[in-house]
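Engineer: heads up, no residue letters with this:
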């Protein structure tokens, strides 16, 4: 890295810290509440069960710099699932699978993004385990409020919703990470349209499920 | 920059894993791996998901355009069309509300111990992706080229300096955050 670049990165970090300082003075009340809660809980801030969503978001923003700079890759998750699907199909059908047009574009093999998704499982586990909150849950509480504690309906809904997510993410060529975060932060026209559609579709469907059906 | 590093395949797989661990850690700490939080966002009473996404976009956007203008990084813009982006996006949205997780937070929910994600969500997304891969040639032919707008960014579309979009967008988002916080959302 040239010294010019180093200097420029230094300036960039200063600007971001300035933005951060400005935003934390805006949200100061929330942050100071957090600090008080932390003292009451007598545990370090890092191990708290929940962080401010702004802190988590800012962290993901910084992480996106690293993924572009060090890996030449935007954060994204959904192609990992289609590669997995291809790898499973390939184990039954062999070469026939790799010759499908879609798998010629997205080869059914382990790549950076596939490892990223594995990392997400591990990272989330580390976060919940380190704060002492890990537990197995089957029925989320908002679901059980509306539809009760039976396991089968929830699993079927999750399976069906998953099929739509898998199908829709391939159709729109991205998900809430690839389009919703990485695409929008690059100011991509396709990604802003996609994320608006994700939330329009999501809000309408959620309203039907929880206000009409429940 | 770092072209040699980008070409080291095994090292990149390790880096993908490490970056995924950070991503999953942050998603979980922010609350986005929770079904209740995501459904709360779609029912518009819990704005956590919006806050995480938009603060990531603000910070990311400033850094990415800063580095891109100095040729330190390449952009990765996805192509789009009404037939692909809009229709697929709405299908995705419906699935998002029924499953209660998206592909990234679904992986996070598995690490969180959510059995509905492990037993229902993961197999579902893999099956749905596989169905699409099989139907791809037909869907591509009939939908992907309808209302195509290609791999464009808004600065390219309007032919203006990116910072004329970035700076106002940052201000608008900070105002929205302020409104959300003052209204206790």
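Structural biologist: Yep, it's here. Just so it is clear, the structure is predicted and the values come from calculations on it, not from any experiment. Numbers count the residues shown, from 1 in each chain, chains lettered A, B, ... in the order given.
Engineer: least confident secondary structure element in chain A?
Structural biologist: Every helix and strand in chain A was compared by mean pLDDT, DSSP states H and E; the lowest is helix A:28-41, with a mean of 56.
Engineer: do stretch B:66-84 and chain A meet?
Structural biologist: Yes - Stretch B:66-84 reaches chain A (CB under 8 Å from any CB of the partner chain) through B:66-67, B:70, B:72-81, B:84. C-beta coordinates here come from the backbone N, C-alpha and C atoms, glycine included.
Engineer: so for that stretch, what gets flagged as buried?
Structural biologist: Applying a neighbour-count criterion of 16 or more other CB atoms under 10 Å in any protein chain shown, one finds B:66-67, B:72-73, B:76-81, B:83-84 buried in stretch B:66-84.
Engineer: export the residues you listed to CSV and tack on secondary structure and distance to residue B:118?
Structural biologist: Formatted as CSV, the buried residues of stretch B:66-84 follow (DSSP: H, G, I helix; E, B strand; the rest coil; distance: CB to CB, whole Å):
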residue, secondary structure, distance to residue B:118
B:66, helix, 40
B:67, helix, 37
B:72, coil, 39
B:73, coil, 35
B:76, coil, 30
B:77, coil, 34
B:78, coil, 29
B:79, coil, 33
B:80, coil, 32
B:81, strand, 35
B:83, helix, 34
B:84, helix, 30
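Engineer: list just the nearest of those residues to chain A.
Structural biologist: Among those, residue B:80 lies closest to chain A (CB to the nearest CB), at 2.5 Å.
Engineer: thought that closest one was touching residue A:196?
Structural biologist: No - look at residue B:80 against residue A:196 with CB atoms under 8 Å: they stay out of range, at 11.9 Å.
Engineer: next up, the contacts around the nearest residue to residue B:106 once chain neighbours are set aside.
Structural biologist: Closest residue to residue B:106 apart from its sequence neighbours, by CB to CB, 6 or more residues apart in numbering or on different chains: residue B:121 at 4.8 Å. Taking CB atoms under 8 Å, 6 or more residues apart in numbering or on different chains, we find residue B:121 in contact with A:158-159, A:161-162, A:165, B:99, B:101, B:106, B:109-110.
Engineer: quick one: is the helix or strand that the least confident helix or strand of chain A is followed by near chain B?
Structural biologist: Later in the chain than helix A:28-41, the nearest helix or strand by DSSP states H and E is helix A:53-71. Yes - judged by CB under 8 Å from any CB, helix A:53-71 comes into contact with chain B at A:53-71.
Engineer: related to what we said a few turns ago, could you dump the residues of stretch B:66-84 next to chain A to JSON lines with pLDDT?
Structural biologist: Listed next are the residues of stretch B:66-84 next to chain A as JSON lines, based on pLDDT from 0 to 100:
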{"residue": "B:66", "pLDDT": "97"}
{"residue": "B:67", "pLDDT": "97"}
{"residue": "B:70", "pLDDT": "95"}
{"residue": "B:72", "pLDDT": "95"}
{"residue": "B:73", "pLDDT": "96"}
{"residue": "B:74", "pLDDT": "96"}
{"residue": "B:75", "pLDDT": "97"}
{"residue": "B:76", "pLDDT": "97"}
{"residue": "B:77", "pLDDT": "97"}
{"residue": "B:78", "pLDDT": "96"}
{"residue": "B:79", "pLDDT": "94"}
{"residue": "B:80", "pLDDT": "95"}
{"residue": "B:81", "pLDDT": "96"}
{"residue": "B:84", "pLDDT": "97"}
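Engineer: just name whatever secondary elements the helix or strand where residue B:52 lies is in contact with.
Structural biologist: Residue B:52 is part of helix B:48-69, with elements assigned from DSSP H and E. Using 3 or more CB pairs under 8 Å, 6 or more residues apart in numbering or on different chains; DSSP states H and E, the elements in contact with helix B:48-69 are helix A:3-26, helix A:53-71, helix A:184-185, helix B:9-30, helix B:35-42, helix B:163-182.
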